[in-house]
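> Here's a sequence, model it:
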Amino acid sequence: MSRPNFCANCGARLTRKGWRPLLAGARCVDCASRLGRSATKPFMVVAILTIAAFGFGRYLRPSPPPLIIHRAANSPLPDTPVDFEAVSKGTANNRHSSSLDSVATADDTVYICGARTKKGTPCRRRVHTAGERCYQHKGMPAMVSLDKLTIKTGDSKK
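Numbers count the residues shown, from 1 in each chain. Next comes the predicted model:
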């Protein structure tokens with residue numbers, strides 16, 4: 001970036017020491033004191049206008065919409081709100097638990113992966129069909145027979 005070496009008003013040689021003369025512009029010390037330090041005024045005006053425009057824009061911004069969570073029409077969750085005090089005391093509403101149990105019993109048969117894990121035990125992840133493996137054990141054989149990969153929902157732990 002080029003800087004002037006001579007004063008724009010009187011033509012005197014400019015001596016620049018430090019960073020402050022960079023803000024002074026193209027005037028010597030005598031001309032700047034006589035005419036006033038108007039070199040920083042445009043920067044101040046631009047800064048004030050920028051802050052004012054930012055504040056005005058924030059003032060005109062519309063408020064965010066309220067948070068609305070939509071559920072599917074066939075959602076198994078009840079429409080009544082949850083009583084957190086009853087849940088913390090252990091006297092939960094049986095209506096909530098029974099509606100969630102009906103979702104778990106909708107599919108009568110549950111299958112597990114059954115492939116050998118690093119620990120050496122059969123994998124207990126649920127899969128869609130018998131003989132299928134979970135994402136981590138794709139292509140590996142099952143450790144146990146196919147009849148042991150099937151879990152009846154009445155026998156499974158909840």
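> R116 and A52: what is the separation?
Taking Cβ to Cβ, to the nearest Å as the measure, R116 falls 69 Å from A52. (C-beta placed from N, C-alpha, C; glycine too.)
> ok, now C28?
Taking Cβ to Cβ, one finds C28 at 34 Å from A52.
> So the two - more neighbours on which side?
C28 (20 against 10; other Cβ atoms under 10 Å).
> Tell me which residues touch the closest residue to P141 other than its chain neighbours, please.
Closest residue to P141 apart from its sequence neighbours, by Cβ to Cβ, 6 or more residues apart in numbering: A115 at 7.0 Å. By Cβ atoms under 8 Å, 6 or more residues apart in numbering, A115 lies in contact with P122, C123, R133, C134, H137, M140, P141, A142, M143.
> which among those end up buried?
Among the contacts of A115, the ones that count as buried by 16 or more other Cβ atoms under 10 Å are P122, C123, R133, C134, H137, A142, M143.
> So in terms of bridging, what pairs with the first one?
For P122, the beta-bridge partners under DSSP bridges are R116.
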